[in-house]
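# Fold the following, please.
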Amino acid sequence: MINIRPVLAGLLAIGYLLIPYLFSLSKGPSILFLPHPVLAGENLEQTDETTKLLEERNRINRIVEKGLDYLARTQNSNGSWTCRVGYKLNDTYQGEENDNVGVTAIAGIAFLAQGSSPGRGKYADNVENALRFVLSCARETDGYITKYGSRMYEHGFATLFLAEVYGMAKRDDIKSKLKKSTQLIINSQSTTPPTDGGWRYQPAPIDSDISVTVTILQSLRAARNVGIAVPKEVIDKAVNYVKRSQNPQDGSFNYQLIPPSRVSFALTAAGVTSFMSAGEYNTPEVKRGIDYLMKNMPTVYGDYHYYYGHYYAVQSLFQAGGKNWEIYFNRVKNEIIAKQRPDGSWSDDVGEPYATAMATIILQIPNDYLPIFQR
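Numbers count the residues shown, from 1 in each chain. Now for the predicted structure:
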């Protein structure tokens, strides 16, 4: 009798190798079907296990697609999404509903993570329209990407979005705005001790916190990946700031270096991802941070911190891999999937588009498609 296991394994491997070719011939798939273990080339002959993984990945991708369909339906005619534009206050998010450039960038990233880009894929038009809105929010004078009083958080996500799109579509209109937005970040790095090296709410070099800093570091990494100049000393100073923000006793990260401060799962996930965005993956600081995350998983679903925390935690644990990744993602994916609404959306106190974009990004991380999220 012919052993069919190696045959099936070979077909899976060939299918993976054909993905780039299929992308070049079509406008992109509506969903990505291969799970991360197959992408990594692990245990290809264990076809029973591989089949289960394929089925689970496809199930998750169908759920993601339902969420992306919701985002596509609710995009405004100007390319934006409407959510609260405001600020975090203790454990809540305060603000007024308006076109939100940060949420628009995050939603655009969710579509990019699926495989769509300007001119290609099921959500090509949505990406193009989001790009048009983000570009329109960039100030000509200094490159600051802001709308209705949005701050450096939103600028960071918008710069990340521009960099990822530019990596797929080398357009001059994107490059010029991306260079300016990156330079504004460089100019805004704090030079004031003890906050030197990080970034804060406003584009001024006078203060820092870990949550804004991680958003900025990711945007700088994405910009460097596509050829935008970022001085090494900027990254080195940022890494030094992040290291000083960590508590060596338990691996957690402080919100700010100026007391009184606070620590949390979300802030620690941000801190660990900051290291990885700067190219530090297996350091003692990273390992201590991962240990803290695994011991302090959040138990409350749905507030602003929930999606923010898991957006960074899923990146750091995916990068770390191993048993911790399996334990973490098996729990979080089921928690998030259970909260999807019949119309495909998720919700929190920022708004449905924000929660839905974050949820779909988190669930798509194992697809390993978008460069900023790759191992």
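# Ser150 contacts Thr104, doesn't it?
No - at 10.2 Å, Ser150 does not count as touching Thr104 under the criterion of Cβ atoms under 8 Å. Where C-beta positions appear, they are placed from N, C-alpha and C, glycine not excepted.
# Give me the buried positions along the helix ranked longest in the chain.
In the chain, with assignment by DSSP state H, the single longest helix is helix 47-74. By neighbour count with 16 or more other Cβ atoms under 10 Å, helix 47-74 contains the buried residues 47, 50, 53-54, 57, 60-61, 63-72, 74.
# what's the answer for stretch 245-255, then?
Buried, per 16+ other Cβ under 10 Å, within stretch 245-255: 245-247, 251-255.
# Now do the end-to-end distance for that stretch.
Taking Cα to Cα, to the nearest Å, stretch 245-255 runs 8 Å from one end to the other.
# Return the distance of that stretch from the chain's centre.
Here stretch 245-255 is found 22 Å from its chain centre; the criterion is Cα atoms, centre = their mean, to the nearest Å.
# Name the residues that touch it?
Outside stretch 245-255, the residues that touch it by Cβ atoms under 8 Å, 6 or more residues apart in numbering are 198, 209-211, 242, 256-257, 261-264, 267-268, 270-272, 285, 287-292, 296.
# Only whichever of the residues you listed are buried, select them in ChimeraX.
Remark: buried members of the contacts of stretch 245-255, expressed as a ChimeraX selection using 16+ other Cβ under 10 Å:
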select :198,209,210,211,242,256,257,263,264,267,268,270,271,272,285,288,289,290,292,296
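# Looking at the contacts of stretch 245-255, which are in helices?
The helices, defined by DSSP H, take in 210-211, 242, 267-268, 270-272, 285, 287-292 from these.
# which two of the residues you listed lie the greatest distance from each other?
For the ones in helices among the contacts of stretch 245-255, with distances taken as Cβ to Cβ, the pair at the greatest spread is Ser211 and Lys287 (21.6 Å).
# Against which helices or strands is the strand or helix carrying Val214 packed?
If you go by DSSP states H and E, Val214 is part of helix 210-225. Counting contacts by 3 or more Cβ pairs under 8 Å, 6 or more residues apart in numbering; DSSP states H and E, helix 210-225 packs against helix 152-168, helix 172-188, helix 232-245, helix 265-277.
# ok, and what's touching the last one?
Read it as helix 265-277. Residues from elsewhere that reach helix 265-277 (Cβ under 8 Å, 6+ apart): 210-211, 213-214, 217-218, 220-221, 238-239, 242, 245-246, 251-255, 281, 283, 285-286, 289-290, 292-293, 296-298, 305, 308-313, 315-316, 319.
# Looking at the buried residues of stretch 245-255, spot the one nearest Leu178.
Of those, the one sitting nearest to Leu178 (Cβ to Cβ) turns out to be Ser245, at 27.5 Å.
# related to what we said a few turns ago, give me the mean pLDDT for the longest helix of the chain.
Mean pLDDT, computed over helix 47-74, is 93.
# other SSEs contacting that helix?
Secondary-structure packing of helix 47-74 (3+ Cβ pairs under 8 Å, 6+ apart): helix 4-25, helix 36-39, helix 101-114, helix 322-337, helix 352-364.
# can we see that at 6 Å?
In this structure, helix 47-74 makes packing contacts with helix 352-364, judged by 3 or more Cβ pairs under 6 Å, 6 or more residues apart in numbering; DSSP states H and E.
# Which strands or helices does the helix it packs on pack on?
helix 47-74, helix 101-114, helix 304-320.
# Of those, which is nearest Ile145?
helix 101-114 (6.2 Å).
# any residues touching the closest one, and which ones?
Residues outside helix 101-114 that contact it (Cβ atoms under 6 Å, 6 or more residues apart in numbering) are 71, 80-81, 83, 123, 126-127, 130, 133-134, 137, 147, 150, 153-154, 157-158, 161, 164, 353-354, 357, 360-361, 364, 369-370.
# Now list the buried members of those residues.
By 16+ other Cβ under 10 Å, the contacts of helix 101-114 give 71, 80-81, 83, 123, 126-127, 130, 133-134, 137, 147, 150, 153-154, 157-158, 161, 164, 353-354, 357, 360-361, 364, 369-370 as buried.
# Nearest to Lys180, out of the helices and strands packed on helix 352-364?
helix 101-114 (15.0 Å).
# nearest to Asn225, of the helices and strands packed on helix 352-364?
helix 101-114 (13.5 Å).
# contacting residues around Leu135?
If you count contacts by Cβ under 6 Å, 6+ apart, Leu135 has them with Lys177.
# per-residue confidence at it?
Predicted confidence (pLDDT) for Leu135: 98.
# Helix, strand or coil: sort out it for me.
Following DSSP: H, G, I helix; E, B strand; the rest coil, Leu135 is assigned to helix.
# so how far is Gly79 from it?
The spacing between Leu135 and Gly79, counted by Cβ to Cβ, to the nearest Å, is 9 Å.
# repeat for Tyr201
Using Cβ to Cβ, Tyr201 is found at 25 Å from Gly79.
# same question, Ala359
21 Å.
# the more surrounded of those two?
Ala359 (27 against 22; other Cβ atoms under 10 Å).
# Would you agree that one is in contact with Ile337?
No - in this structure Ala359 lies outside contact range of Ile337 using Cβ atoms under 6 Å: 8.7 Å.
# and Pro231, how many neighbours does it have?
Neighbour tally, Pro231, other Cβ under 10 Å: 11.
# could you list every residue that touches it?
Applying Cβ under 6 Å, 6+ apart to Pro231 gives no contacts.
# one more time with 8 Å
Ile186.
# how much space between it and Lys237?
On the measure of Cβ to Cβ, Pro231 and Lys237 end up 10 Å apart.
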